[in-house]
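# below are the sequence and a predicted model for it; my questions follow.
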Amino acid sequence: MKFFLRPLLFAAASLVAAATLRADYRTTERSVTQLAEGVHVIRHPDAPDGFPQGNTTVVIGNESVLVVDSCYLPSAAREDIAQIRQWTGKPVRYLVNTHWHYDHQLGNGAYADEFPGLAIIAHAETRDQIRGMNPGWFERYPETFARIQKTLDTGIRSNGQPLTAELRPRLEQALAGRKSVQEEFIARPGRVPNVTLDREMTIDLGGRIVRVLHLGRGNTAGDVVVHLPVEGIVAAGDLIDTPVPYIGSGYLRDQADTLQAMARLEPKWFVPGHGDVLSAEKGQAHVQLTRDYLLDVTAKMKAAVHKLGNNPADFEKVKAEVLKTVDFDAWRQKFVGDNKDDQAYFDGFPKEGALTVSFAETWPQ
Ligand SMILES: [Zn+2]
């Protein structure tokens with residue numbers, strides 16, 4: 001959770017800079033990509049509160065429509081529904097949540113309102129997490145911004161560091177976007193999945209087969225991917241994100257295996273949870289890069305813990321060791337090249353997140 005909030009802060013921190021800098025980890029406008037006849041991927045601009053919104057994939061069959069992920073803002077989900085109605089008169093009967101994170105499922109209510117009898121499908125673990133986590137999110141939402149307000153009022157960040165002149169306008173902008181988002185959530189507080197799977201489900205949309213697969217734990221305990229075997233398309237949720245992986249939660253060592261299982265589906269198109277769709281070649285390379293990163297960090301973390309112990313109180317000591325043994329500068333370069341904005345994002349999110357999560361994974365060992 002802690003690191004899941006990082007994109008919020010980084011995206012929020014970058015809204016003002018977006019006018020002059022072009023960075024790839026952000027999404028500034030809505031766009032649609034058609035991957036096959038009746039298969040579309042919608043990207044959404046980051047929300048006014050700075051939160052990123054997950055990609056939505058729309059799969060149209062002869063009888064019904066399946067949607068993968070309802071994104072974050074109900075208003076964005078409603079825009080997607082209007083777009084779907086332009087594409088087809090068939091009803092959305094199935095909505096899959098790839099995982100519980102808010103930016104992939106808080107639009108569920110918009111679909112449930114528009115399509116009575118909708119099956120909202122998720123892994124059983126994801127259903128439990130959405131049911132358990134959503135109420136707390138709505139309760140905590142004002143607190144997150146109270147913290148930002150306090151930072152602005154005092155000029156001191158929550159980590160004790162002074163608020164820089166560069167960061168101040170970005171936080172002010174994030175705060176300004178808060179009200180409209182909060183009002184949306186009051187009007188539509190989300191919807192819990194009502195159909196669950198443990199491993200695999202096959203759905204016939206009429207002339208079009210869709211498989212929902214839990215290939216193992218990864219970004220969360222209940223990740224699923226949506227596979228169109230005939231068209232060769234995989235919607236991966238946040239198991240992959242481009243250009244920077246969202247690594248700040250989950251099961252990193254398991255994720256490496258889950259990514260391998262996904263790569264073996266050999267799709268023509270990979271749809272990441274965030275960012276541009278990837279062709280087979282680029283997708284396989286990105287999956288491999290993400291996998292190699294996870295394997296490197298988890299192996300070096302394991303070695304550091306063998307040397308120094310896994311007491312949670314020793315995190316800083318263990319982290320210092322891993323910072324010496326993992327070449328994070330080289331990984332950063334491989335993921336984002338020379339883009340300074342994305343480099344900062346890498347350091348704040350998947351580097352810090354991988355250190356924290358890979359250490360936490362060693363606690364029960
Ligand atoms: Zn996401």
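Sure, I can see it. Numbering: from 1, shown residues only.
# in the chain, which residue sits furthest out from the middle?
If you look at how far each residue of the chain sits from its centre, by Cα atoms, centre = their mean, the farthest one is residue 307, at 33.3 Å.
# surely residue 219 meets residue 236?
No: judged on Cβ atoms under 8 Å, residue 219 makes no contact with residue 236 at a distance of 9.3 Å. Every C-beta, even on glycine, is put in place using the N, C-alpha and C of the backbone.
# common neighbours of the two, please.
residue 273 (Cβ atoms under 8 Å, 6 or more residues apart in numbering).
# what residues does stretch 187-205 touch?
Counting by Cβ under 8 Å, 6+ apart, 59-66, 74, 93-94, 97, 105-106, 108-113, 119-124, 126-127, 130-131, 134, 138, 209-214, 224 sit against stretch 187-205.
# let's see that with 7 Å instead.
With contacts defined as Cβ atoms under 7 Å, 6 or more residues apart in numbering, stretch 187-205 is touched by 59, 61, 63-66, 74, 94, 97, 105-106, 108-110, 112, 119-124, 126-127, 130-131, 134, 138, 209-214.
# what residue lies at the spatial centre of the chain?
Compute the mean C-alpha point of the chain, and by Cα atoms, centre = their mean the closest residue is residue 238, 4.4 Å away.
# can you pull the contacts of that residue?
99, 101, 219, 246, 273.
# hmm, try it at 6 Å
219, 246, 273 (Cβ atoms under 6 Å, 6 or more residues apart in numbering).
# min pLDDT across those residues, which one?
Ranked by pLDDT, those bottom out at residue 246 (91).
# measure that residue to the ion for me?
Counting by Cβ to the ion, to the nearest Å, the gap from residue 246 to the ion is 6 Å.
# quick one: low-confidence parts of this protein?
For the chain, the stretches with pLDDT under 70 are 1-23, 188-189.
# and stretch 58-71, which residues are buried?
Neighbour-count burial for stretch 58-71, counted by 16 or more other Cβ atoms under 10 Å, picks out 58, 59, 60, 61, 64, 65, 66, 67, 68, 69, 70, 71.
# do I have it right that the third one meets residue 37?
No: contact between residue 60 and residue 37 fails when scored by Cβ atoms under 6 Å: they sit 8.4 Å apart.
# one step back: quick one, phi/psi of the residue nearest to the centre of the chain?
The phi and psi values for residue 238, taken as degrees, to the nearest 10, are phi -90, psi 20.
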